[in-house]
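**Student:** Predicted coordinates and the sequence they were generated for:
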Amino acid sequence: MDDSSMSDSILPFLPPLENFPAGSFRWPPQLVYPLTLLSRGAQFSRVDCGERLCHHIIDMQQQIGLTSLSSGAVKGLCFFLDQLMTRADAQEFYESVLPAMANLVLRLPLLLESHMKQTERSFCQENCNYDKLMNNSVNLRVLYSQQAGLVVLDQEFVAALLACSFFCLYPLRGRRKAHLPYINFDQFFGGINGKGKSQQQKMACIMHYFCRISRKIPEGKVSYERKVLPQPNSHFSSFAICEPDHSFWSGSDALLCPFMVFEKGTIEDERSEALEVDFANKFLGGGFLFHGCVQEEIRFCINPELIVGMLFLPAMAKNEAIEIVGAERFSCYKGYGSSFTFAGDYVDTRHKDSWGRILRTIIAIDASKQPGQYQFHHSQMLRETNKAFCGFLDHSKCQGYFQDMDLSAQTRCIYGTKVAEPAKSGQLFQFQENMDIETVHRKELFTSKQVNVTENSRKYVILARDYELLLPLKGTENQRNRRSMITSSSGQSNAMRTFPGQGRFMHRGMVHNISRISKFGIATGNWGCGAFGGDFELKSLLQWIAASQAGRPFVHYYTFGDHRTQKLQHLTEWILKQGWNVGDCWDLLMEYGEKRVNKRVNKGLFDWILPQSIQDESSSCLENLGNRVTCC
């Protein structure tokens, strides 16, 4: 697909711009006049109250054939502007903020042209396979389901797109069929006049964002990525990590990463370098534009640039996640749900990367809704673990996880597939990648030697010595279970295994052996355990497994003051002391799930795992905590 066809995919979902063959855009003439009036201020537009602004928006909608604001939306917007805003804030809005927003919308055609003409290759990853996966483009386009892709936008362009949402200029036709979430603000306005005050506070966050950008347009970039674990037989399976199956997790020797529980603090305030998990709906943004005000919706309030992803990111499938890098935080807040309150300005002081993105990475993963007892079925645990793994994995380092471990063309990694030529004793053992395995057994002479590649990455290189290498036959029933053992220089045994559906080997302990793939950890919490009804004991361990397998150096788990999770810290510390790995933990969860489904166990997961002595210690801590709360 060429760049023009990719950009064309978004045009039906943008405000109705006139498109010319040379790749230029402009607003229809009938829309330029009302926007120009707004951009010149209240003295020219005479828009100085909520009612007049609503009439102006309706006039613009009618000029381009869109559905007009509903009476509920008009009442809600008027109520906020005329009754909830202070006189000083309202004056600033009509004289400065609203003209700046109108000017951004007027500039949208030029911003779109500039975006489409940017040198895309400057943003592409160095890894050629990942470059192919991204379709060689970062242009604005619809990132459809099962099509991994990346869109990179200037923050000014993002602001213009958000202003179009405020003025409700996006057409509705085709969005439902494309599984795209709603994007106009009219239903958002309609909830302001209701009984709940949280919608009013959400609106305060959005107004604060527009106030900030009216004073100074941010100069960075924001990237939006659809991450996919493709099916084994898909087009992308030859250069991407496929969706794992049960044997993948059961056979993993990846060590579990450190795990810390925080009763206080929030994910967005994480101070270490970490991916910040968005407990998402499969439709990005969830109920943000409606009455929702829980974790995902609050995140979209304080980081409004996330909202733009709703324009071109359709609903997530079970093997997909969404990663957004560079979305700036603009607001502070207090409370949660009905108690949510805008708490003033927030200045995001994080550094930027080489692309100009603020170093803030938000991972949207959607848990299953109301799974009940079904969440303990093996298939459901596999679904949730793969979902988290898809979000936590750095897909730019696919190729067996190991872009940063490549030594040279002369030394192939141990995740190669077929021996090119029989190796002689003392020589490097050569592999050819992406070839069918035609031999079950090949007797060769091996040892492995640990070689320093960089300061922070290591790999194993196979050397020919007396050893019998067992290669699995591709496509056989036992492919994923068969192992070949390699004796390391330290005398310990290591194993190789294949990814599901691939004939490529992968070192079972690869994550540990390279001292973790990324310096970015995971900041998460009770994912899918609130309105979605998940079991937090199960979900916490599934996330831990996924983060460890993805090569993340730590998990920071925020409980939001939920004292039930006190036992989680004791459990993870005990498991780490036992030296368990990902496969050990997975097998234990499978055993518990089977017993729970068949009603052969009636206790929680933590109590089932922990020895009684550790449980008594944990109960004592909880009792002391309760006494302290009572005394206070």
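**Tutor:** Done, it's in. Numbers count the residues shown, from 1 in each chain.
**Student:** low-confidence ranges in the chain?
**Tutor:** Counting by pLDDT under 70, the chain contains low-confidence residues at 1-8, 119-136, 195, 234-240, 397-517, 612-632.
**Student:** Report the central residue of it.
**Tutor:** Centroid check for the chain by Cα atoms, centre = their mean gives I363 as the closest residue, at 2.1 Å.
**Student:** tell me the SS of that residue?
**Tutor:** State at I363, reduced to three classes by DSSP: H, G, I helix; E, B strand; the rest coil: strand.
**Student:** can I assume Q30 sits in a helix?
**Tutor:** Yes - residue state for Q30 (three-state DSSP) corresponds to a helix.
**Student:** ok, now which ones touch it?
**Tutor:** 63-64 (Cβ atoms under 8 Å, 6 or more residues apart in numbering). Yep, even glycine has a C-beta here, placed from its N, CA and C like the rest.
**Student:** hmm, try it at 10 Å
**Tutor:** Under the criterion of Cβ atoms under 10 Å, 6 or more residues apart in numbering, the contact list for Q30 reads 59-60, 62-64.
**Student:** Which of these has the largest number of neighbours?
**Tutor:** Scoring the contacts of Q30 on neighbours with other Cβ atoms under 10 Å, the highest-scoring entry is M60 at 23 neighbours.
**Student:** can you tell me the helix or strand for that one?
**Tutor:** helix 50-63 (DSSP states H and E).
**Student:** show me where the stretch 451-600 of the chain has helices.
**Tutor:** 510-513, 536-549, 566-578, 582-597 (DSSP state H, counting those that start in this stretch).
**Student:** so can I have CSV of the ones you listed showing mean neighbour count?
**Tutor:** Output for the helices of the stretch 451-600 of the chain, formatted as CSV (neighbours: other Cβ atoms under 10 Å):
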stretch, mean neighbour count
helix 510-513, 23
helix 536-549, 26
helix 566-578, 17
helix 582-597, 19
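**Student:** show me where the stretch 201-350 of the chain has strands.
**Tutor:** 221-228, 259-262, 274-280, 320-325, 331-334, 341-345 (DSSP state E, counting those that start in this stretch).
**Student:** nearest to F80, of the ones you listed?
**Tutor:** Among the strands of the stretch 201-350 of the chain, strand 341-345 comes nearest to F80, with 12.1 Å by Cβ to Cβ.
**Student:** list the buried ones in that closest one?
**Tutor:** For strand 341-345, burial by neighbour count (16 or more other Cβ atoms under 10 Å) applies to 341-342.
**Student:** what's that strand in contact with?
**Tutor:** 197-198, 200-208, 211-212, 301-302, 330-335.
**Student:** Paired strands for it, with orientation please.
**Tutor:** Using DSSP bridges, strand 341-345 pairs in its sheet with strand 331-334 (antiparallel).
**Student:** Give me the contact list for the partner strand.
**Tutor:** 201-202, 204-209, 212, 266, 268-269, 298, 301-304, 340-347.
**Student:** Quick check on the residues you listed: which are buried?
**Tutor:** Looks like the contacts of strand 331-334 have 201-202, 204-209, 212, 266, 268, 298, 301-304, 340-342, 346 buried, using 16+ other Cβ under 10 Å.
**Student:** Break down the stretch 251-400 of the chain into its helices, ranges please.
**Tutor:** Using DSSP H, counting those that start in this stretch, helices in the stretch 251-400 of the chain cover 295-302, 309-312, 378-392.
**Student:** out of these, nearest to G356?
**Tutor:** Comparing the helices of the stretch 251-400 of the chain under Cβ to Cβ, the one sitting nearest is helix 309-312, at 17.9 Å.
**Student:** Output the contacting helices and strands for that closest one.
**Tutor:** strand 149-154, helix 155-166, strand 221-228 (3 or more Cβ pairs under 10 Å, 6 or more residues apart in numbering; DSSP states H and E).
**Student:** partner strands of the shortest one, parallel or antiparallel?
**Tutor:** In this case it means strand 149-154. Short version: by DSSP bridges, strand 149-154 pairs with strand 221-228 (antiparallel).
**Student:** how far is the strand it pairs with from where the chain is centred?
**Tutor:** 8 Å (Cα atoms, centre = their mean, to the nearest Å).
**Student:** by how many degrees do it and helix 155-166 diverge?
**Tutor:** If you take axes from the mean of the first three to the mean of the last three Cα atoms, to 10 degrees, strand 221-228 sits at 70 degrees to helix 155-166.
**Student:** Now strand 221-228 - C-alpha only, CSV.
**Tutor:** The C-alpha trace of strand 221-228 is given here as CSV (Å, rounded to 0.1, in the frame of the first residue of the first chain):
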residue,chain,number,x,y,z
LYS,A,221,5.4,14.9,18.6
VAL,A,222,3.1,12.2,19.7
SER,A,223,3.1,8.7,18.3
TYR,A,224,0.2,6.2,18.2
GLU,A,225,0.9,2.6,17.6
ARG,A,226,-1.2,-0.5,17.1
LYS,A,227,0.7,-3.5,18.4
VAL,A,228,-0.2,-6.9,17.2
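**Student:** now that strand against helix 378-392, angle please.
**Tutor:** 150 degrees.
**Student:** buried sites along strand 221-228?
**Tutor:** 221-228.
**Student:** same check, this time on stretch 78-86
**Tutor:** Applying 16+ other Cβ under 10 Å to stretch 78-86 flags 78-81, 84-85 as buried.
**Student:** Residues contacting that stretch, please?
**Tutor:** For stretch 78-86, the surrounding residues in contact (Cβ under 10 Å, 6+ apart) are 48-54, 89-94, 98, 189, 192-194, 197, 199-201, 203-204, 207.
**Student:** Can you say which of the residues you listed are buried?
**Tutor:** Buried among the contacts of stretch 78-86 (16+ other Cβ under 10 Å): 48, 50, 52-54, 90, 92-94, 98, 189, 192-193, 199-201, 203-204, 207.
**Student:** that older thread, out of the contacts of Q30, flag the one nearest to E591.
**Tutor:** I64 (60.4 Å).
**Student:** didn't G309 look like it was pressed against G285?
**Tutor:** Yes - between G309 and G285 there is a contact under Cβ atoms under 10 Å: 7.5 Å.
**Student:** shared neighbours of the two, anything?
**Tutor:** In contact with both G309 and G285: 181, 183, 300, 364, using Cβ under 10 Å, 6+ apart.
**Student:** ok, back up a step: if I pick the nearest residue to the residue nearest to the centre of the chain once chain neighbours are set aside, what's in contact with it?
**Tutor:** In this structure, I363 finds its nearest non-sequential neighbour in G391, 4.2 Å apart by Cβ to Cβ, 6 or more residues apart in numbering. By Cβ under 10 Å, 6+ apart, the residues touching G391 are 227, 229, 275, 277-278, 280, 316, 320-323, 362-366, 522, 524, 543, 546-547, 550.
**Student:** Would you mind listing which of the residues you listed are buried?
**Tutor:** Counted by 16+ other Cβ under 10 Å, these give 227, 229, 275, 277-278, 280, 316, 320-323, 362-366, 522, 524, 543, 546-547, 550 as buried.
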